[in-house]
Every structure is written in structure tokens, then in C-alpha cells.
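Participant: quick one, structure for this:
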Amino acid sequence: MQTRVELLQIADGVAREKGIDREEVLIAMEQAIQKAGRSKYGIEHDIRAEIDRGNGEISLRRFREVVAAVDNDATQISLEEAQVRNPEAEEGDFITDLLPPIEFGRIAAQTAKQVIVQRVRDAERDRQFKEFKDRVGEIINGLVKRVEFGNVTIDLGRAEAVLRRDELLPRETFRPGDRVRAYIYDVRREQRGPQIFLSRSHPQFMAKLFSQEVPEVYDGIIEIRAVARDPGSRAKIAVLSNDSSIDPVGACVGMRGSRVQAVVGELQGEKIDIIPYSVDPATFVVNALAPAEVAKVVLDEATKRIEVIVPDDQLSLAIGRRGQNVRLAAMLTGWDIDIMTEKEESERRNEEVRARSELFIEALDVDELIAHLLVGEGFTSLEEVAEVETDELAGIEGFDEDVAAELQNRARVYLEQRDVADTEKRIALGVEDAIAALPHLKSRMLVKLGEKGAKTLDDVADLAADELIEIVGELTEEEANETIMAARAHWFEGGEQA
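Facilitator: Next up, the predicted model:
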């Protein structure tokens, strides 16, 4: 045995310096002594070192397992021999031999040092990962340590982090020694140690800055519901107040704009639009397009698209420079936004009325007056005329039950004749009957598929939902997916047979 109180002092010093547990350092020392012992007595031996945590005393022992038949003299001892040393020994027990202390030569000392350094480094990396993995989503301050190819290494005191070039604001540069504030968006355990990734362009960086500058946000009185950024240029942030007496926009702007200006200053002058959040999609989109004024919106919830009509003089403001305003509004709300002027919308509506009127005049063999009455009542297709309740059609001013019944009869005859013609065309194009049996596909759609070269079940099965909708039109995404899955059904049936 050997007393080495200085070992405990060294362990304490390393633990403080590296910010790791003292026990980890002592375990590393034990492994280093153990490795040196095996080098001296033979690597085949099971040699273990132990440092007394109270006085630093080192003990080195060889362990041998008690077995009925010895296969390896280095790690095993027979039951008979073990019972000579300890009458109570049984199979599976271990007999230990105390070994003399090791005098560390140059090579042994170097080996021990490498083991300790590696173990301490592993413990330090583990400590860093555990410390920072739960800090994802926080803002952190650090000093620039070095800049390589535009990527910035940040010294966080107890660890290093990486601020990659694509996570910086445009035209933003740093030099060694500069103080940096950034957002932790990812922490990964990698071969070379934990990697902490920072960002200054992440949307949540802005949200966290507002949380620091606006006490109401920090306290949860005001919620930041969405953020959209064009880093370094412009951003939109949607806020909601849980207290009706507090204006969320005013609180975030601050007295004479002091709060928002503090955030703008940190983001190199990035312009910020603070938008009141609304659960109503139409209101939210209108708010998000500020400062442009909106005349009317039309929502399509199935496709999550919204059509926005603005006055003619507001178009450029709504779209923004290089489409920035509408792009950020779409990112903020999660809706696809189509913008058109009142003039364009009026022209399109007139064109739709004209096209529908011509369809009714031709298919139903009626005059313009009746066609306009049908369009004015909201009928958009012959199918609607054929399938609507007769009473509803008869209720149109100037119509009666006889007129309604005649219009429905003409619509049905026209649709039947068109289906026959479409079926003949579909067969001529070589579209399989199996496709015609798929759900949601009408005869006109089958012709369109044939014209695009989709003539077999496999052709349809290979399509994505948006591709099928683009070809045939008139389908919702859900219907398109059902059609494609029905076309793929034979793949699975074939697999079961095989």
C-alpha cells in the first residue's frame, strides 16, 4: 500500500479546472494505475486499482475467479486451492492478491497520463452535453474565439459553440474578442465531442429577444404565436394578449418604440412588423398583410389557400419589394396567399359568368336571360342543375316546376351524351377499364389522364396527389389520395399471393 495524499489534491484541482465531478477524475486515475499494473504483470491478468477516497491510499490487487476446472491460470483459481486460502470460498467467488506498488517509469507514466487525460476529456464532454442539451431554445452570450471561412467559434466559458455562416445575418461580420448574443437551436453528441449550434437568423431568436425586452411576454401575459423572418431585412411577429386590458402590439413596441428598437438594434436594423394575432384565418391574413389595406378575402380551407383582393393602388404595397410582404405574411399565417386587385377580380368574375352562361346556353338550349338567372343563383355546373332539388330550381324568380323539370331533364341528357362520348374517347386513348373503376374519377377526368399518358393502374399509382389534381382538376387532396391508394391496391394483393 502506498499513501498519496497529493493524488486527492490533484483530483480536486483537475475537477475544479474542468468543471467535472471529482469522482470522475479519481476513476480515471484508478484506470491509469490499473493499466500500468497490467503492463508490468501481464495484460492477461485481471488487475484492479483502488484509491481510498479519504486518505489517497493506493491498493493494487489481482483478481482470480474460483472455478471447478481451471482453463486460465491468470484469471482463475481452482476451488481446492481457493479453499486452502479461504475455507468458505465457493465457485464464482473471487480470490484477491495484494500486489506491491508500482514505480512509474517514463513509459508507464506517459501511458497513465494519456488514460487520465482521455478519461477527463470524456467526462468533460459528457458534462458539456448534459449541461447544454436542456438549454436548446435559450439565448446565450459568448466571446468570439476564432473565425474560419465565415464560421464563428464562440467561447461560452465552459464550452465552445459554432455559429455557422448561414446562421449569421447578411453582411454581419465578427472578430476575435467580440461579444455575441445568439440562439441555441441544436446540441448534438458527436465523435469529437458535443457540438453546440447557435443562430442569429432563426425566427425564435427574435421571439426570445422580445421575451427579454418585454416583461409581459416573459411573464406569459402576451404570447408570441408566430414569427416570420427575412433575416437582416424584415420580419413579422404575431402577438396575442391574455389580458384584455393590455394591448399586445403597444406593449411590444414600448414607449416611443424603445422596446422594439432594442430588438431592431440587436438584429442590425431588421424592420419588424408587430401583428395582432387572430384565431380567424381571414382576419389574421388581413392583419399580416399590413401595412396594405385589404378589400375582400376568399378562403379555401381544403387547400389552405386564401385569395386576397386589394384596391388597385395597394397592390405593390401588399406584395412588397420582391414579394417580401406577401411571402412573410404566408410564412406567418401558414396559408398560401394569392393577391389580385379589385379590377383583376372583377374581370375574372365577369369572365367566369360569361363562360358559365355560354355553357348553360349551349348545353340546355336556353336564352341568355335564363342562363344569367342560373349563374346569378350560384349554379356553376351542369351537375348542380341536374342534381339539385326541383323545388329549389323552381323557386328562382320567373321559373316554375315545369321549367325546372325541363331544365333538369336537358342537363341529364346532355351529361349522359357527354359521358358516352368521353367513354368512347377514353377507350380510343387506351385507358384501362380498371382506371374507370377507381373512386372519384369521372369520364372527363379519364380522358385527361389518357391525354397525359396515364393509361394503366400503375401509371395512376405512381402519381402524387398534387400531380393527379393538376391533370384532372376538380379533386380535393383527400379524394386524390384515396384514388391513388385504390390504384395501388393490386400491388399489395400481388405481394400476398407471392
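Participant: so S245, which of the three states?
Facilitator: coil (DSSP: H, G, I helix; E, B strand; the rest coil).
Participant: that should have said Q9, apologies.
Facilitator: Assigned with three-state DSSP, Q9 falls in the helix class.
Participant: what do you get for E392?
Facilitator: helix.
Participant: buried ones in stretch 309-329?
Facilitator: Buried residues in stretch 309-329, counted by 16 or more other Cβ atoms under 10 Å: 309-310, 314-315, 317-320, 325-329. All C-beta spots, glycine's among them, are computed from the backbone N, C-alpha and C.
Participant: how long is it end to end?
Facilitator: Across stretch 309-329, the terminal residues are separated by 15 Å (Cα to Cα, to the nearest Å).
Participant: and if you look at stretch 45-60?
Facilitator: Per Cα to Cα, stretch 45-60 runs 12 Å from first to last residue.
Participant: and it, what's buried?
Facilitator: H45, D46, I47, R48, A49, I51, G56, I58, S59, L60.
Participant: quickly run through the sheet partners of the top strand by length along the chain, with directions.
Facilitator: Using DSSP state E, we find that the single longest strand of the chain is strand 179-190. Partners of strand 179-190 in the sheet, by DSSP bridges, are strand 139-148 (antiparallel), strand 193-199 (antiparallel).
Participant: just name the most buried of those.
Facilitator: Comparing the strands paired with strand 179-190 by mean neighbour count (mean count of other Cβ atoms under 10 Å), strand 193-199 comes out on top with a mean of 21.
Participant: remind me what the helix or strand just after that one packs against, helices and strands.
Facilitator: The helix or strand immediately downstream of strand 193-199 is helix 203-213, counting by DSSP states H and E. Counting contacts by 3 or more Cβ pairs under 8 Å, 6 or more residues apart in numbering; DSSP states H and E, helix 203-213 packs against strand 139-148, strand 179-190, helix 215-218, strand 222-230, strand 234-241, helix 258-266.
Participant: the domain parsing of this structure - what is it?
Facilitator: Using automatic domain parsing, the domain parsing of the chain gives 5-128, 134-199, 430-498.
Participant: nearest to G254, out of the ones you listed?
Facilitator: Smallest distance to G254 across these (Cβ to Cβ): 18.7 Å, for domain 134-199.
Participant: pLDDT of that closest one, averaged?
Facilitator: Per-residue pLDDT values across domain 134-199 average out to 86.
Participant: that one: end-to-end distance?
Facilitator: 17 Å.
Participant: hey, where'd the strands end up in the stretch 301-450 of the chain?
Facilitator: Ranges of strands in the stretch 301-450 of the chain, per DSSP state E, counting those that start in this stretch, are 305-310, 336-341.
Participant: got the angle for the first one vs strand 336-341?
Facilitator: If I follow you right, that is strand 305-310. Taking axes from the mean of the first three to the mean of the last three Cα atoms, to 10 degrees, one finds strand 305-310 and strand 336-341 inclined to each other by 20 degrees.
Participant: please name every helix or strand in contact with strand 305-310.
Facilitator: Applying 3+ Cβ pairs under 8 Å, 6+ apart, one finds that strand 305-310 contacts helix 281-288, strand 296-300, strand 336-341, helix 342-364.
Participant: and the last one, by the same measure?
Facilitator: Using 3+ Cβ pairs under 8 Å, 6+ apart as the contact criterion, the neighbours of strand 336-341 among helices and strands are strand 305-310, helix 315-319, helix 324-333.
Participant: may I see those organised as TSV, with mean pLDDT and distance to E383 added?
Facilitator: Output for the helices and strands packed on strand 336-341, formatted as TSV (pLDDT from 0 to 100; distance: least, Cβ to Cβ, whole Å):
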stretch	mean pLDDT	distance to E383
strand 305-310	88	23
helix 315-319	88	36
helix 324-333	92	33
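Participant: re the thing from before, pull the most distant pair out of the buried residues of stretch 309-329.
Facilitator: Among the buried residues of stretch 309-329, I309 and L328 lie farthest apart (Cβ to Cβ), at 19.5 Å.
Participant: now the helices for the stretch 51-200 of the chain?
Facilitator: Per DSSP state H, counting those that start in this stretch, the stretch 51-200 of the chain carries helices over the ranges 79-85, 106-133.
Participant: out of the strands paired with strand 179-190, the one nearest V25 is which?
Facilitator: strand 193-199 (17.9 Å).
Participant: the closest one to helix 203-213, inter-axis angle?
Facilitator: Using the same axes, to 10 degrees, the inter-axis angle of strand 193-199 relative to helix 203-213 is 80 degrees.
Participant: give me the residues contacting strand 193-199.
Facilitator: 121, 125, 128-129, 132-133, 140, 154, 156, 159-164, 167, 180, 182-188, 205 (Cβ atoms under 8 Å, 6 or more residues apart in numbering).
Participant: just the buried members of those?
Facilitator: 125, 128-129, 132, 140, 154, 156, 159-161, 163, 167, 180, 182-185, 187, 205.
Participant: which residues are in contact with T483?
Facilitator: L438, P439, H440, L441, V460, L468, L475.
Participant: and it, what element?
Facilitator: Here T483, judged by DSSP H and E, is contained in helix 477-497.
Participant: report the mean confidence score over that helix.
Facilitator: 79.
Participant: mind listing what's buried along it?
Facilitator: E479, A480, E482, T483, I484, A486, A487.
Participant: now swap in stretch 364-377 and tell me
Facilitator: L364, V366, I370, A371, H372, L373, L374, V375.
Participant: OK, contacts around D338?
Facilitator: Neighbouring residues of D338 by Cβ under 8 Å, 6+ apart: R305, I306, E307, V308.
Participant: filter those residues to the buried ones?
Facilitator: I306, E307, V308.
Participant: export these as TSV, with columns for distance to K425.
Facilitator: What follows is the buried ones among the contacts of D338, written out as TSV (distance: Cβ to Cβ, whole Å):
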residue	distance to K425
I306	37
E307	33
V308	39
